[in-house]
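**Q** Structure of the sequence below:
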Amino acid sequence: MKVLVADAFEASGLDALRTAGCEVVYEPELSGDALVRSIGSSGADILVVRSTQVTENMLDAGRLSLIVRAGAGVNTMDVAAASRRGIYVSNCPGRNSSAVAELAFGLILALDRRIPDNVADLRAGRWNKKEYSKARGLFGRTLGLIGFGSIGQEMARRALAFGMTTLVWSPRFARDGAAALAALPRDVDVTVLPSPEAVAAESDVLSIHLALTADTRDVVGASILDRLRPGALFVNTARAEIVDHAALAEAVRTRGIRAALDVFPDEPSGGTGSFAPPIAALPNVYGTHHIGASTEQAQEAIAAEAVRVIRVYTATGRVPNVVNLSTRTPATHRLVVRHRDRPGVLAHVFDQLRAWSLNVQETENVIFAGAEAAVASINLDGEPPADLMRAIEQGSQDILSLQVVKI
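**A** Residues are numbered from 1 along each chain as shown. Model prediction:
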């Protein structure tokens, strides 16, 4: 298969793809109309991207069957449009967790000890030990985590090493309750609270680790930020769209909140450029350049996982980490066909279903030992009427029995 890699990608990953028999087209600067043209002209089956936007017109430009995001989130691509076209979307979750947690804790330390301001004053020839000796310290403080996936869990492990108490809230605890709690790793020591507001109210440091979804967009607003203690620290290394930046700026200006951000609204699409987000100009706000996952270790791990996804797909047709398959079949009834394992038997069944305008959602055919008989389970979007059942049974002598099960 032909793989178009349209973002920076580790050389080890490119070599591994070629070793796996893939034809690799590496054009890491592609985006927009240039990417549309390349998808069409290259004839690529698989597209690999990191931060590049993947739009609907790109999906119509060629014959893509799989898109791999070399990272965790998939908010930079039109997943719904891919689903409508039967294009798999996959990602590489958890491979950058340590890198993001390392940056988040670095930002916490920078906020507490005001490290960037120390450096700036010293470079400017100013000695101000009296001012910069006022740090509170982290030992014995409370870290609040909103979101508790793999990155949040890495944060909790680091907090324990710093002697901090960790409080968490996550949508999965609200959704799955005791089952989610029971699934926590044994080396993670946290207290789960019932709401993000409750976590904020008890935290000296609040760090955001939610995935961006329709439900989490702007979820961290005034109702949460106003619960923080005056002078508390706030860190976001997740997605800019999760935080109401106007509310955060107000908290910084009026309540002494000190914030560190690795993500911003309307970031430049390229690796360099002019960018001046208003919130970054506020005193007590530190910013980094969306580099949470940008360590050599993380990029090697992500490249290896992207290669694994592509290898499995090319070898088996299955896609690891796929994010756009239906979690529940829309079928209402299952037709179970016990039949002799002969050519044309299932073709006859499907022809009859088509004639009666019943759509097949999923199907499985299990062969018995000796390959003389089989059972097909066919999920349908409606109940097959009695006349259709008779037409199927009477139309082939190799049909042994039929059964309809309501799903």
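
**Q** number of nearby residues for residue 106?
**A** A count of nearby residues for residue 106, using other Cβ atoms under 10 Å, gives 16. To be clear about C-beta, it is placed using only N, CA and C from the backbone, and glycine gets the same treatment.

**Q** what comes up buried for the helix or strand hosting it?
**A** Taking DSSP states H and E as the definition, one finds residue 106 inside helix 97-113. By neighbour count with 16 or more other Cβ atoms under 10 Å, helix 97-113 contains the buried residues 97-108, 110-113.

**Q** do the same with stretch 400-407
**A** The neighbour-count check on stretch 400-407 (16+ other Cβ under 10 Å) flags residue 402 as buried.

**Q** List of residues touching the helix holding residue 106?
**A** With contact meaning Cβ atoms under 8 Å, 6 or more residues apart in numbering, helix 97-113 is reached by 115-116, 132, 135-138, 143, 149-151, 153-155, 157-158, 162, 205, 207, 209, 233, 235, 237, 258-260, 262, 286, 288, 291-295, 297-298.

**Q** ok, back up a step: and the buried residues of helix 97-113, which is closest to residue 398?
**A** residue 97 (53.2 Å; Cβ to Cβ).

**Q** quick revisit: could you give the mean pLDDT of the helix holding residue 106?
**A** Confidence for helix 97-113, expressed as mean pLDDT, is 97.

**Q** for the helix or strand following that helix, which positions count as buried?
**A** Per DSSP H and E, the first helix or strand lying C-terminal to helix 97-113 is helix 115-123. By neighbour count on 16+ other Cβ under 10 Å, the buried set for helix 115-123 is 115, 117, 118.

**Q** Let me know the pLDDT of the residue lying closest to the second one once chain neighbours are set aside.
**A** Yep, that's residue 117 we're talking about. Closest residue to residue 117 apart from its sequence neighbours, by Cβ to Cβ, 6 or more residues apart in numbering: residue 132 at 7.2 Å. Listed pLDDT for residue 132 reads 95.

**Q** and residue 132, what does it touch?
**A** Going by Cβ under 8 Å, 6+ apart, residue 132 touches 113, 114, 117, 118, 121.

**Q** Sort out which one of those lies nearest residue 316 for me.
**A** residue 113 (51.2 Å).

**Q** Just put the contacts of residue 132 in TSV and tack on distance to residue 303.
**A** Conversion of the contacts of residue 132 to TSV gives the following (distance: Cβ to Cβ, whole Å):
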residue	distance to residue 303
113	34
114	36
117	36
118	36
121	40
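
**Q** Which pair of the residues you listed spans the longest distance?
**A** It's 113 and 121 that sit farthest apart of those, by Cβ to Cβ, at 13.1 Å.

**Q** Can you find which helix in the protein contains the most residues?
**A** Secondary structure assigned by DSSP state H gives helix 296-316 as the longest helix of the chain.

**Q** Which strands border the following helix or strand past that one, and is each parallel or antiparallel?
**A** Using DSSP H and E, the helix or strand that follows helix 296-316 towards the C-terminus is strand 333-340. Within its sheet, and counting by DSSP bridges, strand 333-340 is paired with strand 373-380 (antiparallel), strand 399-406 (antiparallel).

**Q** Much appreciated, bye for now.
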